[in-house]
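[1] Here is a sequence with its predicted model. Questions after.
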Amino acid sequence: MRILLVEDDKKVASFIRKGLEEEGHAVDVAAEGEAGLFMGLDRLHDLIILDVMLPKKPGFQVLRELRQAKVSTPVLMLTARDTVEDKVQGLDAGADDYLTKPFVFAELLARVRALLRRGAEARSPRLQVADLVLDPATRSVTRDGQPITLTNREFALLEYLMRNAGRVLTRTAITEHVWDYDFDSGTNVIDVYVNYLRKKIDAGHEPKLLHTVRGAGYVLRESHEP
């Protein structure tokens with residue numbers, strides 16, 4: 001999944017980012033409120049982790065403006081203030097959950113998993129192309145009824161392809177959704193992961209589903225021709 005972290009404390013942001021990336025998530029980081037709002041409005045993220053105390057624009061204001069713009073991405077608020085009034089203010093502004101600093105990373109990760117699971121269930125219970133089935137809620141994949149084991153990154157790539165089945169996705173589009181803003185799109189990492197995925201979902205099966213469109217990108221569909 002792709003997560004936006006809006007946190008001005010560099011040490012805290014680095015700690016959270018490293019932990020989430022180790023879990024296989026793509027993490028974008030904004031160090032102040034205006035940048036966080038701008039990045040949140042692009043609707044590329046599956047979850048936003050938003051600090052309350054931010055320079056340029058406070059977290060509550062960022063959240064209110066996101067909700068006013070009809071951005072429904074789940075938001076987990078982070079704050080050093082644990083008063084009931086602060087929590088009520090955050091929830092009233094549209095937050096989905098609230099975590100007080102300092103926290104144990106395991107608790108943050110549990111809350112992240114819960115919000116991502118809730119968001120996946122809301123988007124769609126299952127995705128299917130031919131006999132390839134992906135369940136976002138259980139994070140399971142099968143082809144012709146047989147389970148397929150994917151890494152976190154492979155799963156994110158496949159989910160993005162299946163949500164856009166029949167549409168040619170450029171490497172830039174894949175980079176923006178499955179990796180992060182800092183990813184070097186000039187490398188061949190995307191091609192490598194597409195090949196990993198193709199071997200897992202297409203080897204030994206017909207029809208082939210994952211196709212390369214020369215000079216354009218990749219597409220998931222039953223037939224090779226548009």
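    Looks like it arrived, so ask away.
[2] Assess the claim that L78 and V52 are in contact.
    Yes: look at L78 against V52 with Cβ atoms under 8 Å: they come within range, at 6.8 Å. (Glycine included, C-beta is placed from N, CA and C.)
[3] Which one's more surrounded, those two?
    Legend: neighbour count by other Cβ atoms under 10 Å for L78 and V52, higher for L78 (24 against 21).
[4] Pretty sure that one sits in a helix.
    No: assigned with DSSP: H, G, I helix; E, B strand; the rest coil, L78 falls outside any helix and is strand.
[5] and the closest residue to it other than its chain neighbours, how many neighbours?
    Leaving aside its chain neighbours, L78 sits nearest to D51 (4.7 Å; criterion: Cβ to Cβ, 6 or more residues apart in numbering). As a burial measure, D51 scores 25 neighbours (other Cβ under 10 Å).
[6] Isn't D51 up against A80?
    No: look at D51 against A80 with Cβ under 8 Å: they stay out of range, at 9.0 Å.
[7] re the thing from before, list the residues that contact the residue nearest to L78.
    Applying Cβ atoms under 8 Å, 6 or more residues apart in numbering, one finds that D51 lies in contact with V6, E7, D8, D9, G59, M77, L78, T79.
[8] That one and V141: what is the separation?
    Applying Cβ to Cβ, to the nearest Å, the value for D51 to V141 is 35 Å.
[9] What ranges does the chain have for its helices?
    Taking DSSP state H as the test, the helices found in the chain are 10-22, 33-40, 59-68, 84-93, 105-123, 152-163, 171-178, 189-202.
[10] Among those, which comes closest to V133?
    helix 152-163 (9.2 Å; Cβ to Cβ).
[11] buried ones in that closest one?
    Going by neighbour count (16 or more other Cβ atoms under 10 Å), the buried part of helix 152-163 is R153, E154, F155, A156, L157, L158, E159, Y160, L161, M162.
[12] Who's the closest spatial neighbour of the fifth one, skipping the chain neighbours?
    Closest residue to L157 in three dimensions, ignoring its sequence neighbours and counting by Cβ to Cβ, 6+ apart: V178, at 5.1 Å.
[13] what's next to the one helix or strand in the chain whose mean pLDDT sits lowest, contact-wise?
    Using mean pLDDT, DSSP states H and E, helix 84-93 stands out as the lowest-scoring helix or strand of the chain, at a mean of 74. Contact with helix 84-93 is made by V52, G59, F60, L63, R64, R67, M77, T79, Y98, as judged by Cβ under 8 Å, 6+ apart.
[14] Thank you, goodbye.
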